[in-house]
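Peer 1: no sequence for this one, just the structure:
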Ligand code: SF4
């Protein structure tokens, strides 16, 4: 049993590791190495990375670090350490080894980002990590998974993200923003929910909103301005640059 636990904490099942530009968060546009972990226990209606639910290969943490160091090798080491490194998924916190990997990356001087569904406890994560925590809106189909206790652990390094597809999502997000005074704690992102391409859609995802309910980017942006919300509008930058269903970008 002890040997089994050791394997769980010293290895990770990894879907892909690649260098690209950070496409979301307040750090969008910076070079970033993505470590996409395999597995997620949610099935959000808008999930664009369903391929990470099961596809992956077990690597030791040291193999993951070697791959990151090799992708980062062409960047200089003066000024802020670039590229940054983001752990994403799937759901990174499903694997116990993720916490150790993030700590090791912080020790190496990287800016480390964690994208998490908000369904898991964020408190064991190294405080140097910038945690980007989703609050799942109604049209995700996973609203019941929000772990509200996480809000108490947020600091001004962290970010909260609402993925918004409909008016109902927007009104729910605005109410949560005000009830928990989220923008006084950290950056809050209102991210427009990109429709999935046919290739991205898999039958295990929760049903999404109908076409007539979906808001355009412009509707979301204009409503945010009209309501004077202290939040950051976001579109997924990588989907503006590359095809929406291209992997590894
Ligand atoms: S939390 Fe939702 S969007 Fe993120 S990987 Fe899981 S199913 Fe996809």
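Peer 2: That came through fine. Note that the structure is a prediction, hence the values are computed from the model and not measured. Numbering: from 1, shown residues only.
Peer 1: Which single strand of the protein contains the most residues?
Peer 2: The strand that spans the most residues within the chain, counting by DSSP state E, is strand 11-21.
Peer 1: and that strand, which strands flank it?
Peer 2: Here strand 11-21 is paired, per DSSP bridges, with strand 31-37 (antiparallel), strand 57-60 (antiparallel).
Peer 1: Spell out which parts of this protein neighbour the ligand.
Peer 2: By C-beta under 6 Å from any ligand atom, the residues of the chain that approach the ligand are 40, 42, 43, 44, 47, 49, 89, 90, 91, 117. In this view, the C-beta of every residue, glycine as well, is placed from N, C-alpha and C.
Peer 1: which stretches of this structure form helices?
Peer 2: Per DSSP state H, the chain carries helices over the ranges 2-10, 61-72, 97-107, 167-179, 217-226, 237-241.
Peer 1: Among the ones you listed, show me which one is buried the most.
Peer 2: Ranked by mean neighbour count, the helices of the chain are led by helix 97-107 with a mean of 19 (mean count of other C-beta atoms under 10 Å).
Peer 1: Packing partners of that one?
Peer 2: Packing partners of helix 97-107 (3 or more C-beta pairs under 8 Å, 6 or more residues apart in numbering; DSSP states H and E): helix 2-10, strand 11-21, helix 61-72, strand 84-88, strand 112-116.
Peer 1: Reformat those as a markdown table; add mean pLDDT and distance to residue 100.
Peer 2: Listed next are those as a markdown table, based on pLDDT from 0 to 100; distance: least, C-beta to C-beta, whole Å:
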| stretch | mean pLDDT | distance to residue 100 |
| --- | --- | --- |
| helix 2-10 | 70 | 6 |
| strand 11-21 | 97 | 9 |
| helix 61-72 | 96 | 6 |
| strand 84-88 | 98 | 12 |
| strand 112-116 | 98 | 12 |
